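Q: Quick one: sequence plus predicted model below, questions after.
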Amino acid sequence: MRPHALALAIFGISALTPLVIRDGFFLDSLILILMWGAISGAWNVAGGYAGQASLGHSAFFGIGAYSAALMATRWNASPWLGMLVGAVVATGAGLIIGYLSNRLKGPYFALATIAFSQVLLIVASRWRGFTAGSEGVPVPFRPGFWTLGFASKVTWVYLVLCLALAVYLVQVYLERSRIGYRLAGVREDEDAAEALGIPSRRLKVMAVAASAALTSVCGALWAQYVGFVDPFYVFSVDLSIRFALNAIIGGIGTAMGPFVGSILITSLETFLRASFSDVRGGLIGIYLIIYGCLLIVVVRFIPQGLVGWFGQRFRAMGLYARA
Amino acid sequence: MTALPQLLVSTVLLGGIYALIAVGLTLIFGIMRVVNFAHGEFLMLGMYLAFWSFTLWGLDPYFLLVVAVPLFFAIGLGIYALVMRGVIHASHNVQIFTTVGLSTALQNVALVFWTGDFRFVRPWESSIVVRILGAAFNLSQVIAFAVALLFTLALFAFMKWTHAGRVMRATAQDGEAATLMGIDTDRVYRLAFAMGIACVGVAGVLVSPLYSVYPTAGLQFVLLAYVVVVLGGLGDMVGALLGALIVAAVEVIGSYVFGSAWKEVIYFVLFIAVLVFRPAGLFGQRGAEALGA
């Protein structure tokens, strides 16, 4: 059980918290931490495990958010169904993007994905007849499980916790399974992996598609929780950066990294928002300045991220077989 | 066909400005092999420099160029020493996220200090109408084009005919061989980065009378600049110039035919198509992208 100690601690505390604390603000922070962690974990599947660092993952997030919201508002369908549709569409988009950009590495892949998310942003904000254009889509609140309307934050905590666990398990699978080892081979040295008969192209496409599907599921849940889908937010480059940021600060290519990153970044944001909101709106930007600087410092000095860094320290001390 | 001269001149004027933004980006990529994701933020800083000098002291943006060039050159040197030097030999991911972090930090410095309001610079040139081939333009546009062209050509001349330019091109071709020939590549990278930032800072000052100024103003331009640079082949300066004209033509003709709402879709699709099918650029050699990748 030792390799899962960190996960057990974090998810366990999250599961127990609603039993003790009923404060709405606190529970809201917890939900956001888990949700951002799950999304970054989904990003990590492509960015960390397959080495395809995307800066356009907001595209898939937006697809999920819009699918759930539009299915609910236009056809009165269940957001669960919308989530499924979103996942299918995102998988398709992920397959296409993954396939087309297969030859692209590093900055080229990042640029292609940014362009893709920008195309979706323009379409979503201009296609007034279908997406309601730049005004965005308010998601109606309809109480009940089938309509994904929960007034209680406690229910949301457990729902998002399930999502986080699912994303965590997918990542653990990628660390332990045959596919995972092959992916690592492709990531570290594609030519060598090819020479050993590993179908590197197919693996990368699959990783991007899986990552896209997970991201869109997170997007759908997020839309239901927040209750409003704004095209300029859900398809923004800033959001894509944020997905990557949590994973990188926590530890790129580690299963717990995105969650550790999210705990740090989301709490910092919540704290600064709470302390500066009444002073002057613009000061909220301070946390983004800190993000930026933190990102520069982390990739420079601890590129393996916090989980990786502490893992090495612990291993050196003989405390953990693996962190 | 009465619109033709208007479209043609618009394309050329716009292309000149895009070229100056893109040339800085491609210079940095060509020599350092780093895609500067924070490029647009320096453009935004240039726009704010113009805005504040104009509002506080009534300084005309074009007089400001005398200050902007050395100022942005110095900013470039500073950022290189603080941030870029450490990652120049690092992996792609490290490089990408270093400049992404820089971009986030700079954008929000602007947001915190100067708020998110849209601001405008309207010097007297903006209200003067110039007629070219029967088409009407305001003087700011024409000056911006002329100065941008001047800077772009000066940069070309510098790269082609000066010793420093030759040294830079040599480093771009083969960094190791250049080191063996006694070239201090660290100085070359520093110079390239500072020159690239100076170009985009000047471009920011130049476009300030034409567009509104706000903290994320750089994003739209820099996305354009990526399209331009990828079309021309990353690192290829002449290609960047041609790419700028192509993107300007797509933008001008696209907004004429489809309406301005959809023009961006056209060039992003073009962008993705080029990235996928000809990542070395329209004019580059096949496989050249492997150098960067």
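A: Perfect, I can see it now. Residues are numbered from 1 along each chain as shown, chains lettered A, B, ... in the order given.
Q: Provide a list of residues in contact with B:R131.
A: For B:R131, the contacting residues are B:F137, by C-beta atoms under 8 Å, 6 or more residues apart in numbering or on different chains. (C-beta placed from N, C-alpha, C; glycine too.)
Q: Regarding it, what is its secondary structure?
A: For B:R131, the reduced secondary structure class is strand; criterion used: DSSP: H, G, I helix; E, B strand; the rest coil.
Q: Tell me the confidence at it?
A: Per-residue pLDDT puts B:R131 at 74.
Q: B:M47 now?
A: Predicted confidence (pLDDT) at B:M47: the value is 90.
Q: now the one 5 residues further on
A: Reading off the per-residue confidence, B:W52 sits at a pLDDT of 88.
Q: ok, now the one 10 residues further on?
A: We have a pLDDT of 80 for B:Y62.
Q: Thought B:V147 was touching it, still the case?
A: Yes. B:Y62 is within contact range of B:V147, at 7.0 Å (criterion: C-beta atoms under 8 Å).
Q: Now list whatever residues contact both of these two.
A: With contacts taken as C-beta under 8 Å, 6+ apart, the residues that reach both B:Y62 and B:V147 are B:L206.
Q: Could you check how many residues crowd around A:L8?
A: By other C-beta atoms under 10 Å in any protein chain shown, 12 other residues sit near A:L8.
Q: typo on my end, B:S127
A: A count of neighbours around B:S127, defined by other C-beta under 10 Å, yields 10.
Q: List the residues that contact residue 139.
A: Went with chain A since none was named. Going by C-beta under 8 Å, 6+ apart, A:V139 touches A:68-69, A:72-73, A:79, A:223-224, A:226-229.
Q: Chain B, not that one
A: Applying C-beta under 8 Å, 6+ apart to B:L139 gives the contacts B:125-126, B:128-130.
Q: hang on, the earlier thing: mind checking which of the contacts of A:V139 are buried?
A: Burial by neighbour count, 16 or more other C-beta atoms under 10 Å in any protein chain shown: within those this picks out A:68-69, A:72-73, A:79, A:223-224, A:229.
Q: Turn those residues into CSV, including secondary structure, distance to chain B and pLDDT.
A: Converted to CSV, the buried ones among the contacts of A:V139 look like this (DSSP: H, G, I helix; E, B strand; the rest coil; distance: C-beta to the nearest C-beta, whole Å; pLDDT from 0 to 100):
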residue, secondary structure, distance to chain B, pLDDT
A:A68, helix, 24, 86
A:A69, helix, 22, 85
A:A72, helix, 27, 80
A:T73, helix, 23, 78
A:P79, helix, 28, 78
A:A223, helix, 23, 87
A:Q224, helix, 28, 85
A:V229, strand, 20, 82
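Q: want to throw those into JSON lines with distance to B:V9?
A: As requested, those are arranged in JSON lines below (distance: C-beta to C-beta, whole Å):
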{"residue": "A:A68", "distance to B:V9": "47"}
{"residue": "A:A69", "distance to B:V9": "44"}
{"residue": "A:A72", "distance to B:V9": "49"}
{"residue": "A:T73", "distance to B:V9": "46"}
{"residue": "A:P79", "distance to B:V9": "52"}
{"residue": "A:A223", "distance to B:V9": "46"}
{"residue": "A:Q224", "distance to B:V9": "51"}
{"residue": "A:V229", "distance to B:V9": "41"}
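Q: how about the residues of the stretch 51-200 of chain A near chain B?
A: Contact residues (C-beta under 8 Å from any C-beta of the partner chain) of the stretch 51-200 of chain A with chain B: A:51, A:53, A:55, A:100-101, A:103-108, A:110-112, A:114-116, A:118-119, A:122-123, A:126.
Q: Mind giving me the PyMOL select for those residues, buried ones only?
A: Here is the PyMOL command that selects the buried residues among these (16+ other C-beta under 10 Å):
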select buried, chain A and resi 51+53+55+100+101+103+104+105+106+107+108+110+111+112+114+115+116+118+119+122+126
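Q: Done for today, thanks.
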